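Student: What follows is a predicted protein model with its sequence.
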Amino acid sequence: MTQAPWIDYRPEIKVLDCTIRDGGLVNNHMFEDGLVKSVYQACIDAGIDYMELGYKGDKRIFAPNKFGDWKSCDEEAVRRIVGDNDSDLKLSVMADAEKTDYHRDILPREESVLDMIRVATYIHQIPTAVDMIKDAKQKGYEVAVNLMAISTVQEKELAEALEIFAGTEADVVVLVDSFGTLYSEQIHDYARKYLDAVKGTGKEIGFHGHNNFQLAFANTIEAIITGVNRLDATMFGIGRGVGNCPMELLLNFLKNPKFKLRPVLKCIEENFIPLQDKLEWGYMIPYLITAHFNQHPRAAIEMRGTENKDKYVKFYDALNEA
């Protein structure tokens, strides 16, 4: 840790912007090129370490006429935004287990402008995820693995999963609060388990939070305090349903002088404030309710698209009786 009267930071902390990837879940990944380029440039100017452009979704599952370019992140589309990426910013995509034709659609690293593949998996998909990690590593990428929905995973299963991931070639194992149900004390306990599981392997631990209880930022701080060094955030907190830890809050908290707040504020002002008139994200009571019942927010997302979008008690009762 570097310390001075005006600085208190860990230089090993890396920040990943997943605005386009997680934010794309709000609009089926149909962001216009201008907005994606603006986020890309803001990440460079702000000193952010990684930008996640979207998914490597299988087009046989996600039809191109229903989803934008950032659901599949073809090399041509990515290069349309970043060219050869002549910058220090590293580029990432997410590959969902059982929803990615990773053998075909993830190119060898020397043929791609991408730097990192993040494998996302549920507990029952781990065998597939392990093979995906191996495939991406053999192709030359930095690799992370995100275990989803851990609030529904039994302690024994989690311990076994972490032991498996510790034995893979993954560089980063990400603690994910998928349903936004966790409190800071739980984040601390989970982070300790993750850190203990990879001790001595050289792997880093990451954190990705959702804001159902208005705790994504607070939980990110707790993860930092516990020793987590890879942090996810999005511009103006945009993301699936209730959204994510806001990038502007995170960079303001981190004291590393390499991070610059102004480019993020400029990007938000020019892109995401106007976007709020077209898309809905951020804290809303239906997402609190799904988190209360430890459920995926898909039910709240569907409810917000109906004429009963503000019938909170009816929605609560329906989930309570399910």
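Tutor: Yep, it's here. Just so it is clear, the model here is predicted, and its values are computed rather than measured.

Student: Just the buried positions in stretch 28-40, please.
Tutor: 29, 31, 35-36, 38-40 (16 or more other CB atoms under 10 Å). In short, each C-beta sits where N, CA and C put it, glycine included.

Student: which two in those are spaced the farthest apart?
Tutor: H29 and S38 (16.3 Å; CB to CB).

Student: Return the distance of whatever helix or strand G34 lives in from the chain's centre.
Tutor: G34 belongs to helix 33-46 when elements are defined using DSSP states H and E. Offset of helix 33-46 from its chain centre (CA atoms, centre = their mean, to the nearest Å): 17 Å.

Student: One more: stretch 178-188?
Tutor: For stretch 178-188, the distance to the chain centre is 15 Å (CA atoms, centre = their mean).

Student: Give me the buried positions along that stretch.
Tutor: 178-182, 184, 187-188.

Student: Same question for stretch 257-275.
Tutor: Quick answer for stretch 257-275 (16+ other CB under 10 Å): 259, 263-265, 267-268, 271-272, 275.

Student: May I ask which helix or strand of this structure has the lowest mean pLDDT?
Tutor: Ranked by mean pLDDT, DSSP states H and E, the helix or strand of the chain with the weakest confidence is strand 2-4, at a mean of 49.

Student: Need the buried residues of stretch 178-188 in JSON lines (columns: pLDDT and secondary structure).
Tutor: Formatted as JSON lines, the buried residues of stretch 178-188 follow (pLDDT from 0 to 100; DSSP: H, G, I helix; E, B strand; the rest coil):
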{"residue": "S178", "pLDDT": "96", "secondary structure": "coil"}
{"residue": "F179", "pLDDT": "95", "secondary structure": "coil"}
{"residue": "G180", "pLDDT": "95", "secondary structure": "coil"}
{"residue": "T181", "pLDDT": "96", "secondary structure": "coil"}
{"residue": "L182", "pLDDT": "97", "secondary structure": "coil"}
{"residue": "S184", "pLDDT": "97", "secondary structure": "helix"}
{"residue": "I187", "pLDDT": "98", "secondary structure": "helix"}
{"residue": "H188", "pLDDT": "98", "secondary structure": "helix"}
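
Student: of all those, which comes closest to G243?
Tutor: G180 (9.3 Å).

Student: How is this structure divided into domains?
Tutor: Taking automatic domain parsing as the reference, the chain has its domains at 9-275, 285-321.

Student: Deepest-packed of the ones you listed, please.
Tutor: domain 9-275 (a mean of 19; mean count of other CB atoms under 10 Å).

Student: Quick one: end-to-end length of it, please.
Tutor: Start-to-end span of domain 9-275 (CA to CA, to the nearest Å) is 33 Å.

Student: Check the offset of it from the chain's centre.
Tutor: On CA atoms, centre = their mean, the centre of domain 9-275 falls 3 Å from the chain's centre.

Student: quick one: low-confidence ranges for the protein?
Tutor: For the chain, the stretches with pLDDT under 70 are 1-8.

Student: how close does N294 sit to T152?
Tutor: 7 Å (CB to CB, to the nearest Å).

Student: make that F31, sorry
Tutor: 30 Å.

Student: ok, which stretches of the stretch 1-150 of the chain are helices?
Tutor: Ranges of helices in the stretch 1-150 of the chain, per DSSP state H, counting those that start in this stretch, are 19-23, 33-46, 75-82, 102-105, 126-138.

Student: I'd like the C-alpha coordinates of the first one written as PDB, please.
Tutor: What follows is helix 19-23 as a C-alpha-only set of coordinates in PDB (Å, rounded to 0.1, in the frame of the first residue of the first chain):
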ATOM      1  CA  THR A  19     -21.200  -0.600 -19.000                       C
ATOM      2  CA  ILE A  20     -21.700  -2.000 -22.500                       C
ATOM      3  CA  ARG A  21     -21.900  -5.600 -21.400                       C
ATOM      4  CA  ASP A  22     -24.200  -5.300 -18.300                       C
ATOM      5  CA  GLY A  23     -25.900  -2.200 -19.600                       C
END
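
Student: Report all helices and strands that it contacts.
Tutor: helix 33-46, strand 50-55, strand 90-96 (3 or more CB pairs under 8 Å, 6 or more residues apart in numbering; DSSP states H and E).

Student: looking at these, which is closest to D310?
Tutor: Here helix 33-46 is closest among those (CB to CB), at 28.7 Å.

Student: that older thread, same for the helix holding G34, what does it pack against?
Tutor: Helix 33-46 packs on helix 19-23, strand 50-55, helix 75-82, helix 262-267, going by 3+ CB pairs under 8 Å, 6+ apart.

Student: quick revisit: how about the buried residues of stretch 257-275 in CSV, adding distance to M303?
Tutor: Shown next, in CSV, are the buried residues of stretch 257-275 (distance: CB to CB, whole Å):
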residue, distance to M303
F259, 37
P263, 36
V264, 31
L265, 32
C267, 30
I268, 27
N271, 27
F272, 24
L275, 22
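
Student: about what we covered before: export the helices and strands packed on helix 19-23 to a markdown table and append columns for distance to A129.
Tutor: Shown next, in a markdown table, are those (distance: least, CB to CB, whole Å):
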| stretch | distance to A129 |
| --- | --- |
| helix 33-46 | 27 |
| strand 50-55 | 15 |
| strand 90-96 | 9 |
